[in-house]
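> Below: sequence and its predicted model.
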Amino acid sequence: MQKLKTIVAATLLISFTITSFGQVRSVPKRASGSAVDILIIGGTVVTMDKDRRVIEDGAIAVKNGEIVAVGKRADVMRNKTASQTVNAAGRVIIPGLINTHTHVPMTLFRGIADDLDLQEWLTKYIFPAEAKNVDEAFVRAGTRLGLAEMIRGGTTTYCDMYYFEDAIADESKKAGVRGVLGETVLDFPAPDNKTFEAGMASAERFIKKWQGDPLIVPAIAPHAPYTVSAEHLIAARKLSDRLNAPLVTHLAEAKTETEFIEQKHPGMRPIEFVESIGFLTNKTIAAHVIQANQAELDILKRRGVGIAHNPQSNMKLAAGVAPVPQMLKMDMPVGLGTDGAASNNDLDMWEEMDTAAKLHKVFTGDPKVVPAEAAFEMATSRGARALHMENMIGSIEVGKRADIVIVDFDDLNQTPYYNVYSTLVYATKANDVRTVIINGRVVMLDRRLLTLNESVIKKDANAYRRKIIKSLSH
């Protein structure tokens, strides 16, 4: 504290320091030394680097959206001046959480159809509701709602596949949230494109428009092997190759999908089928991967496919249990996802961590599988691998993008605290997230959203609720 006072007293220029309580005060800025944009000081830094360093009384320096120093507070602050200083004393600083699979505008369908199997849920409720309601305005309103929910829960990167993805990218950019965003293509009419060919043309325009953006990674997203023909899956893969864009899809997500593929392509299961046609690449991100045996996991590992595990959605739709313990044993790039809020019914990554750890314990009968640290890893560094972005995000390391979350650790549900990973996975809730920084920009400070208007978002969402109810009654 004395060192901090000395630094403050010695400065000449004026900047702002943000305290842990959200107060902003003017602070003199030193004329000499290394200038950075943000200093996060105090607290316990859970780096998730390869050495799994946990730094007590740590600090992080950020410049131009990048982490330029991380370590003990005294070391990081030496000769540093900052425009903003965030006091995280008594709290825990973690990498931003990574939601590896969702359909963000579907927050507006939260709770319209529950307690159904996947095919009935899709064909009788979701697809008809989308046909009657989804347009660009719907997508923007639902995206803003989902972004606000994710920021509040400490999610800094998400992987999406939906319609009007250009609008989703636009809203994500405005909110300051990082996204791998896939324009969905189907063999039947979608809300934004009525033919597969139109969808592909739209996807190409979308990818070319957003490539190189600091927050948005545009992708092509053929929906699934049961909604997109072999010929069209290959066309999507070729577009991914030509534009060097991620290839996002659902794969092996339910028994009904396996039965469909086996009937249409005798002797093959979904993963075997997409491998046989040359669909899988090291840019593929496959959601669910429930129906997967050892030979099929070997295929995915060999191809470098990223996997999004969605435990709560899979449980709610009784779709099955993905072989995650085996994936982890094979060191596969598997992350956690919420799926859309219509099948979950939230975008809370803390619940997914807790559920993932417990689901696989009870399913295998082994309490040692998917320990807390492994579950947290799937939400951070391993999730970054699943999105093929491990060089940019997923850990607090010099050279990575500054996607950083500050979490309270003194709530009743976290007291007493013994082990940081146990407390993060089994005790921490979304409401314990205090401050969120994405790409070096503070987007939430002490629970206050800085890039989104919560009251307007709720008003718009409730207006759509009335419209959706009316549309389903006809």
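Thanks, I have it. Residues are numbered from 1 along each chain as shown.
> for the closest residue to Leu251 other than its chain neighbours, phi and psi?
Nearest residue to Leu251 in three dimensions, chain neighbours excluded: Ala286, at 4.0 Å (C-beta to C-beta, 6 or more residues apart in numbering). (C-beta placed from N, C-alpha, C; glycine too.) Phi and psi for Ala286, reported as degrees, to the nearest 10, are phi -110, psi 120.
> again, but for Val369
Dihedral angles (degrees, to the nearest 10) for Val369: phi -70, psi 150.
> Isn't it up against Met327?
No. Using C-beta atoms under 8 Å, Val369 is not in contact with Met327, being 11.1 Å away.
> wait, what's in contact with the residue most central in space within the chain?
Computing the C-alpha centroid of the chain and ranking residues by C-alpha atoms, centre = their mean puts Asn99 first, at 2.1 Å. Applying C-beta atoms under 8 Å, 6 or more residues apart in numbering to Asn99 gives the contacts Met150, Thr155, Thr157, Tyr158, Cys159, Leu336, Gly337, Thr338, Leu347, Met349, Gly383.
> Do you know the pLDDT at it?
For Asn99, the pLDDT comes out at 98.
> let's have the chain start at 38 instead
Got it, the first residue is 38 from now on, which makes the last one we talked about Asn136.
> In the beta-sheet assignment, what are the partners of it?
Under DSSP bridges, the beta-bridge partners of Asn136 are Tyr195.
> any idea how far it lies from Ile314?
29 Å (C-beta to C-beta, to the nearest Å).
> Over to Tyr195?
Between Tyr195 and Ile314 the computed distance is 29 Å (C-beta to C-beta).
> surely Val371 meets Met415?
Yes. Under the criterion of C-beta under 8 Å, Val371 makes contact with Met415 at 6.2 Å.
> quick one, which of the two is more surrounded?
Neighbours around Val371 and Met415, counted as other C-beta atoms under 10 Å, are more numerous at Met415. The numbers are 32 against 27.
> what residues are up against that one?
With contact taken as C-beta under 8 Å, 6+ apart, Met415 is in contact with His346, Val371, Gly372, Leu373, Met390, Ala393.
> go with 10 Å
135, 137, 344-346, 348, 361, 364-365, 370-374, 386, 389-390, 393-394, 407, 422-423 (C-beta atoms under 10 Å, 6 or more residues apart in numbering).
> ditto for Gly191
Contacts of Gly191 (C-beta under 10 Å, 6+ apart): 131-134, 385-387, 416, 440-444, 465, 467, 469-473, 481.
> Could you do Glu103 as well?
Going by C-beta under 10 Å, 6+ apart, Glu103 touches Val73, Asp74, Met429, Val435, Gly436, Lys437, Arg438, Ala439, Asn476, Gly477.
> From those residues, which land in strands?
Per DSSP state E, strands hold the following members of the contacts of Glu103: Val73, Asp74.
> what helices or strands is the host helix or strand of Leu218 leaning on?
When elements are assigned from DSSP states H and E, Leu218 belongs to strand 215-222. Contacts defined by 3 or more C-beta pairs under 10 Å, 6 or more residues apart in numbering; DSSP states H and E place strand 215-222 against strand 134-139, helix 173-189, strand 192-199, helix 202-212, helix 233-247, strand 253-259, helix 267-280, strand 284-288.
> okay, those, which one's buried deepest?
strand 134-139 (a mean of 30; mean count of other C-beta atoms under 10 Å).
> Using PDB, write down the CA coordinates of that one.
In PDB, the C-alpha atoms belonging to strand 134-139 read as follows (Å, rounded to 0.1, in the frame of the first residue of the first chain):
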ATOM      1  CA  LEU A 134     -14.900 -18.100 -19.500                       C
ATOM      2  CA  ILE A 135     -15.400 -19.600 -22.900                       C
ATOM      3  CA  ASN A 136     -18.800 -20.800 -24.000                       C
ATOM      4  CA  THR A 137     -18.000 -23.200 -26.900                       C
ATOM      5  CA  HIS A 138     -21.500 -23.700 -28.200                       C
ATOM      6  CA  THR A 139     -24.700 -21.700 -28.100                       C
END
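> same question for the helix or strand just after it, mean pLDDT?
Next helix or strand after strand 134-139 toward the C-terminus (DSSP H and E): helix 155-157. The pLDDT scores in helix 155-157 average 83.
> helices and strands around helix 155-157, which ones?
Using 3+ C-beta pairs under 10 Å, 6+ apart: helix 155-157 touches helix 292-301, helix 348-353.
> How far off centre is the first one?
Spelled out, it's helix 292-301. Put simply, helix 292-301 sits 29 Å off its chain's centre (C-alpha atoms, centre = their mean, to the nearest Å).
> Does Asn461 fall in a helix, a strand, or a coil region?
Not quite, residue 461 is Leu, not Asn. Under DSSP: H, G, I helix; E, B strand; the rest coil, Leu461 falls in the helix class.
> Next step: the contacts of Gly191 restricted to helices.
Met386, Trp387 (DSSP state H).
> Could you list which of the contacts of Gly191 belong to strands?
Those of these lying in strands (DSSP E): Ile131, Pro132, Leu134, Ile441, Val442, Ile443, Val444, Val470, Arg471, Thr472, Val473, Met481.
> Can you flag the buried ones in these?
Buried members of those, counted by 16 or more other C-beta atoms under 10 Å: Ile131, Pro132, Leu134, Ile441, Val442, Ile443, Val444, Val470, Arg471, Thr472, Val473, Met481.
> Return the member of those nearest to Leu509.
Nearest to Leu509 among those is Leu134, at 33.0 Å by C-beta to C-beta.
> Tell me if I'm right that that closest one and Thr417 touch.
Yes. Using C-beta atoms under 10 Å, Leu134 is in contact with Thr417, at 6.6 Å.
> So, low pLDDT: which residues of the protein?
Applying pLDDT under 70 to the chain flags residues 38-70, 511.
> So it: which segments form each domain?
The chain resolves into domains spanning 38-127, 134-423 when parsed by automatic domain parsing.
> Redo these as JSON lines? Include distance to Ser510.
Converted to JSON lines, those look like this (distance: least, C-beta to C-beta, whole Å):
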{"stretch": "domain 38-127", "distance to Ser510": "44"}
{"stretch": "domain 134-423", "distance to Ser510": "11"}
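> most packed of those?
With neighbours defined as mean count of other C-beta under 10 Å, those peak in mean count at domain 134-423, which reaches a mean of 21.
> Endpoints of that one, how far apart?
13 Å (C-alpha to C-alpha, to the nearest Å).
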